[in-house]
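# need coordinates for the below:
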Amino acid sequence: MTLPQQSSSLADFLNAELRKRPLSDVQDIYKLLYQGSFGVGHLIASRENARNYLDEELRGLEPAPDETLLEPCNREQSILRVNLRPFLAKDMDPSQLVDVMMESVAMLQPDTAAFVRLWGEVGTLIERGIVPLDHAACASFTAEVARAGYPAVHHSAAYARAYNPAYRVVLTVPYLKAFTKE
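Okay, here's the model as predicted:
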């Protein structure tokens, strides 16, 4: 199981994401980078809840062998989105995924200050036209999330309609350890 080639810069990483999902907006890029910084520990109340929620979501999905299984949430590829439709298509073990989710939550050490700096870099890239998103929308969104203390957000409605996201966010190392043979 291999990961996509690592991007050489934040701009390359973001522009690759925008080419892959052109209906992404500032909110979706924020969500991606938020997950790449904080994971999804805020969503996991317990192993049992995580498993029940995963099972419920899997029941509502059709397998999709042509979709990408793993996508990095950050340029360093230390955190991944595990897309559930290809996960189903490969007949992978949901219990193992929950184990990796729980291990990821335990291992992750979020750094809000680092995320705020990263988001500032994104704003600069957008302002300079290096990342093709609306600068005014970015400034407005940034002011809103800053007032709220940089919380987790949902995907934009356009993104959700176009791409029907279904994934789990995990740290790369425990995922690869669990799902690849040495």
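
# packing partners of the helix or strand where S104 lies?
Element membership of S104, judged by DSSP states H and E, is helix 94-107. In terms of contacts (3 or more Cβ pairs under 8 Å, 6 or more residues apart in numbering; DSSP states H and E), helix 94-107 is packed against helix 47-59, strand 167-171, helix 172-179. (Each C-beta comes from the backbone N, C-alpha and C, glycine too.)

# quick one: which of these is nearest V40?
strand 167-171 (4.5 Å; Cβ to Cβ).

# so what strands line up beside the closest one?
Using DSSP bridges, strand 167-171 pairs in its sheet with strand 79-83 (antiparallel).

# list of residues touching the strand it pairs with?
3, 35-37, 39, 67-73, 97, 104, 108, 166-172, 175 (Cβ atoms under 8 Å, 6 or more residues apart in numbering).

# and the gap between V116 and Y30?
12 Å (Cβ to Cβ, to the nearest Å).

# how about R47?
R47 is 28 Å from Y30, by Cβ to Cβ.

# looking at those two, which is more packed in?
Taking other Cβ atoms under 10 Å, R47 and Y30 do not tie; Y30 has more neighbours (21 against 14).

# so where does that one fall, helix or strand?
Y30 belongs to helix 26-38, assigned by DSSP H and E.

# counting contacts, what elements does that helix pack onto?
helix 10-20, strand 79-83, helix 112-127, helix 135-147.

# would you mark the buried spots in the third one?
Of the residues in helix 112-127, those with enough neighbours to count as buried (16 or more other Cβ atoms under 10 Å) are 115, 118-119, 122-123, 125-126.

# same check on the last one?
When neighbours are counted by 16+ other Cβ under 10 Å, the buried residues of helix 135-147 are found to be 138, 141-142, 145.
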